[in-house]
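Engineer: pasting the sequence and the predicted model now:
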Amino acid sequence: MLSTLKRLGGRVLAPAVPDPPWLREFAARGKRWNPASVRAPWFERRNALRHAGGVARRHGLGEQGEHWLRHWVEQGYFVVKGAVDPEAARRYADEFEQVWWMDAPVPGLTLSDVTIAGEYHVHISHDKLLSYGVEQRREAHGQSNWRVGEFYQSSKAAEAIYRDARLAKISSAILDTLAVPHFSLSFSKGSRQGLHQDICVFHVWPRNALIGVWIAAEDISPASGPLEYYPGSHREPIFEAFKNYPQTQRRTAPQPLAAKYDEYVRDVAVKYPREVFLAKTGDALFWHGMLIHGGASVEDPATTRKSMVIHYMPEGANRGHEVEGPFNW
C-alpha cells in the first residue's frame with residue numbers, strides 16, 4: 001500500500017521501509033470498494049460546469065441555482081442567505097437553550113461535553129442534568145461547550161429545520177437526486193473542531209455523495225469561533241492510506257495513522273485561502289464532503305454560536321453498516 005509510514009503526509013522523509021504490520025492489517029481489513037463500479041456524482045465528472053445550468057433548472061432553482069452549483073464545482077461550497085426563515089431559526093435556538101431549565105426531562109435526550117459540579121461528562125442524560133440544582137446548572141451552562149446530537153428527535157423547532165423543504169430542495173439539486181438528511185448536530189458555542197473533511201468521518205458511497213449544511217441560529221460574531229473553511233481544497237486527492245474508502249478513513253484508522261491524516265489536512269489547508277462564515281440568523285453554508293473545514297479559535301468565551309449542522313446524502317448512501325471496525329467513535 002505505502003512504501004513507508006513517513007510518506008503519508010505526502011513527503012519522503014526516509015528511505016523506504018516495509019509497512020508495519022498494523023498498517024498492512026488496516027489496509028487489508030473489510031471488503032474491497034471499487035470506485036469504478038459506481039457512477040460518481042455529476043459534479044465529480046469531466047465538464048461538470050457545463051451541466052450546472054441544466055441541473056439547476058431541472059430542480060427549479062433557475063439562474064441563482066446555476067450560480068450556486070458552479071461555485072460548488074469550482075470552490076466546493078456556496079452560501080444561501082436566509083436559507084431558513086430567521087424566525088424558525090430563533091424558535092429553534094430558544095428550544096435548544098431551554099433544555100437546561102425544563103421542569104421535566106425529555107426521554108432520550110442527551111447532551112455532550114458538559115462539566116457540572118466539577119465532573120466532566122462526554123455525554124449526560126437530560127434527566128441526570130436536571131437532577132442538579134439550578135445554580136449548578138447555570139454555572140455548567142456557562143462553562144461547558146455543550147452540544148446535542150439529533151436534537152430534531154426532541155424538539156419540534158429543530159425538526160422543522162431538519163426537515164426544511166428548501167434545504168432539501170437545494171441539496172437534492174446538488175446531488176441531482178433526492179437528498180435525505182442525516183447526522184445532525186446542534187451547537188451552543190464555537191466547536192473549536194480541528195480541520196477535517198466530512199468524507200473521512202462518514203462512510204458514504206459513492207464517495208462524494210455527501211453535503212454538509214451549516215445553519216446559523218443567531219448572528220455569528222467573529223469572536224465566537226465561527227466555521228472556517230478553505231475554498232478549493234475539495235479538489236485535493238483523498239489521503240493516500242484511505243484508498244479503500246469507505247472502509248479506510250479517519251473513523252477506522254489506527255491512532256498513528258489518524259494523527260498522520262490530521263497532519264495531512266493541515267498541510268493541505270495552508271495552500272488555500274482561509275474564510276470564516278460570519279452568518280446572519282437563517283443563513284446557511286452548503287459544502288462538499290472533501291472541503292477542509294473546522295471551528296476557528298474562540299476569542300471571547302462569553303459569546304455563543306448557536307447553530308445546526310445537517311448532512312445530506314442519497315437514500316442508501318450511508319454504508320457504515322458494511323464497514324468493519326474497530327472504530328474510533
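Structural biologist: Structure's in. What do you need?

Engineer: helices of this structure, start to end?
Structural biologist: Counting by DSSP state H, the chain has helices at residues 21-28, 48-58, 62-75, 86-98, 126-130, 134-143, 156-162, 165-175, 255-269.

Engineer: count the neighbours of the nearest residue to Pro326 once chain neighbours are set aside for me.
Structural biologist: Spatial nearest neighbour of Pro326, chain neighbours left out: Thr252 (7.4 Å); criterion: Cβ to Cβ, 6 or more residues apart in numbering. Placement of C-beta: from N, CA and C, glycine included. A total of 24 residues lie near Thr252 under the criterion other Cβ atoms under 10 Å.

Engineer: again, but for Asp85
Structural biologist: Counted with other Cβ under 10 Å, residues neighbouring Asp85 total 15.

Engineer: quick check: Val148 touching Asp113?
Structural biologist: No. With contacts counted by Cβ atoms under 8 Å, Val148 stays clear of Asp113, the gap being 10.0 Å.

Engineer: so which of those two has more stuff around it?
Structural biologist: Remark: of Val148 and Asp113, Val148 carries more neighbours, 23 against 16, as counted by other Cβ under 10 Å.

Engineer: pLDDT score for the nearest residue to that one once chain neighbours are set aside?
Structural biologist: Leaving aside its chain neighbours, Val148 sits nearest to Ser186 (4.6 Å; criterion: Cβ to Cβ, 6+ apart). Each residue has a pLDDT score; the one for Ser186 is 98.

Engineer: before we move on, what about Pro18?
Structural biologist: pLDDT at Pro18 comes out at 77.

Engineer: near it, how many other residues are there?
Structural biologist: Neighbours of Pro18 using other Cβ under 10 Å come to 9.

Engineer: gap between it and Gly294?
Structural biologist: According to Cβ to Cβ, to the nearest Å, Pro18 stands 34 Å off from Gly294.

Engineer: Ser186 now?
Structural biologist: Distance from Ser186 to Gly294, by Cβ to Cβ: 18 Å.

Engineer: for those two, indicate the residue with more neighbours.
Structural biologist: A count of neighbours by other Cβ under 10 Å puts Ser186 above the other of Ser186 and Gly294, at 29 against 18.

Engineer: thought that one was touching Ile161?
Structural biologist: No. Applying Cβ under 8 Å as the test, Ser186 and Ile161 come out as separate, 9.5 Å apart.

Engineer: overlap in contacts, these two.
Structural biologist: Met308 (Cβ atoms under 8 Å, 6 or more residues apart in numbering).

Engineer: can you map out the strands along this protein?
Structural biologist: Remark: strands assigned in the chain by DSSP state E are 77-80, 110-116, 119-125, 147-149, 179-187, 211-216, 227-229, 275-276, 284-288, 293-295, 307-314.

Engineer: now render the ones you listed as CSV, adding distance to Phe242.
Structural biologist: As requested, the strands of the chain are exported to CSV (distance: least, Cβ to Cβ, whole Å):
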stretch, distance to Phe242
strand 77-80, 22
strand 110-116, 26
strand 119-125, 26
strand 147-149, 24
strand 179-187, 19
strand 211-216, 18
strand 227-229, 20
strand 275-276, 25
strand 284-288, 16
strand 293-295, 18
strand 307-314, 18
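
Engineer: do you know which of these lies nearest Ser37?
Structural biologist: Within those, the stretch nearest Ser37 is strand 307-314; the backing value is 15.9 Å (Cβ to Cβ).

Engineer: okay, now the sheet partners of that closest one, with direction.
Structural biologist: strand 179-187 (antiparallel), strand 211-216 (antiparallel) (DSSP bridges).
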